[in-house]
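Chemist: need a structure here:
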Amino acid sequence: MKHFTFYPIMALCIGASISVGCSNDTLSTTEKQVVDLVSYPDSVASDSVDKALFEVLNLDYPGLEKVKEQYVQRQYYHAACELLTYYRNRANVVNPNIDLMTPTISPAEQNMADQALQHRFYIRNFKESTANGVDTYYSFVNNGKIDWETLAATMPDQEFKNQLHRHQWMPALAKAYRVTGDEKYLESWKATYRAWMAQYPNPQARPADKDVAWVGLQPTERVRDRMDILPYFIQSMKFGAGWLTTVLRAFHDEVEIIRLGYYNDGSNIRLSQAKSVATAGLLMPEFKKSAEWLKEGAAMVSDELSNQFNDDGVQNELDPSYHISAISDFNAMYKLAQVNNRLDVFSSSYASRMKNAVRFVCDLIFPNYSLDNFNDTRNSSYTKNVILKNLRVYADMYPEDSEIQWLATEGRQGTMPTRLVSTYATSGYYMLRNGWKSDATMMVLKNNANPNNKWHCQPDNGTFCIYKNGRNFFPDAGVYSYGGTYESNVARNSYAATKMHNTMTDLSAVIGKGYMNGKMLKNEQQAQAQLLVTENKSYKNLTHRRAVFFVENRFFVIVDEGYGDGNKDKINLNFHLATGKGAETTLVDDLSAQHVYGAHTAFGDNNNMLIRTFAETNQDFGYANLTSPYSNKLGEVNGSRIGYQYTIRKPEKGAARFITVICPFGSAADYAKQTVEARFTDNPKEAAGTFHAGGASVEVNVNGKVYQLTYTL
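Modeler: Got it, this is the predicted structure:
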């Protein structure tokens, strides 16, 4: 009878994909336990072993000598036991994602694990209900068994079906086991995973799009998480040698499925696929194909570093959340290779090429470390703590950059940035500000270059947000629903619609596919103002030019012109302001008798904003008061906005021309003193509506002070 030695679960610091960088020196504090793992003949026990695993393992890999010896003798169960011993004790590979010596689990993760015991599975961004701050997840029990299909079929959002097959509750089960030592978490994982594999067998060939469980990020996330899950569970007495062979063979085959289904270059999914394949090669070097995985995955990751980011450093999905995620993916891959002494698989310029991407995040975040909902970003996921965590990673990536250090330490170290204007013209993001501290004023103007209709980029070119002293006064609508298409998904359509943003529309229509190709025409520091001019042909017969003057670093003047090919539709300007509750409700200012319209906020903290819109012509002048929702998290309405739509008919041979003035003010008493007037000065009265391709001139009077503002191209 053969015996195998293993160490008590809380005492061992294991290596390889099971290691966090500590060594077996810690074993001296605990006595070894001898456990009889082979209590019956191999001919019987081997029935539980997936013998095919040994065909894909490199049995000549250092440390697998005993495995090979038993395998050659056709003692498959003994070989599996030796393999289990090897994985419990290997120390030549480091996985920085896990902590076996001082494991912790958050309350949210513990909740995920406990509900998984009841087959209520955590599906990212979806839950059945919330009570007292605790989420309850959907139950997948039907007639006492796990039913993967019935509930999923009733969910209208395809993302639910996708996320279900990523097994996002399983890492929580692993952590719960490591922290508590309670075998019920291991047994739940085994039973659930076994049931899933039985219903969704690996197709062993390139999966069709209809095979939801095997396409896209589904196998990619499962492979990634499996390498973190195994180390937490593998010391359990109930983690049998047969189960190890089942899991490892499934792991190998899933990596191969990813390789068969790589997405096109430049896709965020392709990057995740490449990263998972390369990581598998690094952390699981015992497979015959491990070196191939590492070489192929690392090469693709390096290629994607060029494919994923435009030349200005912005990730090509043009979505801030995916941009931040892409940086994390690239950096994590680099760090993983570094701690495992395999930086040779990446170019020496790998880290330096991410610098512009990091700088974009630094420029985009508000001074209070928050983020707007541009495109498909859900800013509830980007709390101050999350953003600071990312900034600290960036500071570690670039320790010589004093500005990143300043941001990452909230000003305690480093040097405060001095730039007040940041332009990312290739991608279409622009930032104007008067400072970097929390009381600063800042505008982000979004005019994306998206001719290829990247999925995560909403049709809202020309929109903007304005931050002042801790408040975003013009919050983006967000995304609400992540699934479906712009044509078919009602919820997604309603939030992504162009009129839901702070920009120009033609008859309130959505900017069509192929008409999101924003460009910058000018960026200039003038005597009185910082000037930014952008343009986008938003419809077949209408181009929207927007000039922004940040006057005296205090207030904004926006000059909008809609021109093009004889079109004489009704042209709208849409504005949506943040609002509060009760007395802090934002108020619309009806000055329609003078063909003027506007609004102002009424927050009680003396931090408010006023907006007024004027037009050069007033044929078919009209207005509509707007109340619209915004969503910071999928499936949730997190607040409402109050604003207005200002409309005129475009002159047939001219342009719809507007001036909008946006001024900060303090209290209600301060609001009563505000006076704002504006007019175009580049056309005589009889030529009102004439468009000048070379620029525009306006006169603005704010509280009795007159400003002459002009730009020329």
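
Chemist: and the pLDDT at the most centrally placed residue in the chain?
Modeler: By Cα atoms, centre = their mean, the mean C-alpha position of the chain lies nearest to residue 321, the distance being 2.7 Å. If you check residue 321, the pLDDT there is 93.

Chemist: same check, this time on residue 34
Modeler: Taking residue 34 on its own, its pLDDT is 34.

Chemist: and what of residue 484?
Modeler: 58.

Chemist: what sits against residue 568?
Modeler: Contacts here follow Cβ atoms under 8 Å, 6 or more residues apart in numbering; on that basis residue 568 touches 649, 650, 651, 652. All C-beta atoms are positioned from the backbone trio N, CA, C, and that covers glycine.

Chemist: equivalent analysis for residue 624, please.
Modeler: Taking Cβ under 8 Å, 6+ apart as the contact definition, residue 624 lies against 644, 645, 647.

Chemist: mind running it again at 7 Å?
Modeler: Residue 624 makes contact with 644, 645 under the criterion Cβ atoms under 7 Å, 6 or more residues apart in numbering.

Chemist: mind listing what's buried in the host helix or strand of it?
Modeler: Assigned by DSSP states H and E, residue 624 falls within strand 622-630. Buried residues in strand 622-630, counted by 16 or more other Cβ atoms under 10 Å: 623, 626, 628, 629, 630.

Chemist: so what's residue 614 bridging to?
Modeler: residue 659 (DSSP bridges).

Chemist: how many neighbours does residue 522 have?
Modeler: 14 (other Cβ atoms under 10 Å).

Chemist: pLDDT at the residue lying closest to it once chain neighbours are set aside, what is it?
Modeler: The shortest distance from residue 522 to any non-neighbouring residue, by Cβ to Cβ, 6 or more residues apart in numbering, is to residue 533 (4.2 Å). Note for residue 533: predicted pLDDT of 98.

Chemist: direction included, what does the helix or strand where residue 533 lies pair up with?
Modeler: Using DSSP H and E, residue 533 sits in strand 529-539. Using DSSP bridges, strand 529-539 pairs in its sheet with strand 519-525 (antiparallel), strand 542-551 (antiparallel).

Chemist: before we move on, the earlier item: let's see which of the contacts of residue 568 end up in strands.
Modeler: Those of the contacts of residue 568 mapping onto strands are residue 649, per DSSP state E.

Chemist: in JSON lines: the contacts of residue 568, plus pLDDT and neighbour count.
Modeler: Shown next, in JSON lines, are those (pLDDT from 0 to 100; neighbours: other Cβ atoms under 10 Å):
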{"residue": "649", "pLDDT": "97", "neighbour count": "17"}
{"residue": "650", "pLDDT": "96", "neighbour count": "27"}
{"residue": "651", "pLDDT": "94", "neighbour count": "19"}
{"residue": "652", "pLDDT": "88", "neighbour count": "9"}
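
Chemist: in the chain, what helix or strand scores lowest on average pLDDT?
Modeler: Lowest by mean pLDDT, DSSP states H and E among the helices and strands of the chain is strand 4-6, with a mean of 31.

Chemist: thinking again about what came up before, between the strands paired with strand 529-539, which one is closest to residue 571.
Modeler: strand 542-551 (7.3 Å; Cβ to Cβ).

Chemist: what does the closest one rub up against?
Modeler: Residues from elsewhere that reach strand 542-551 (Cβ under 7 Å, 6+ apart): 432, 443, 445, 462, 504, 506, 528-538, 556-564, 567, 696, 707, 709, 711.

Chemist: kind regards, and thank you for your time.
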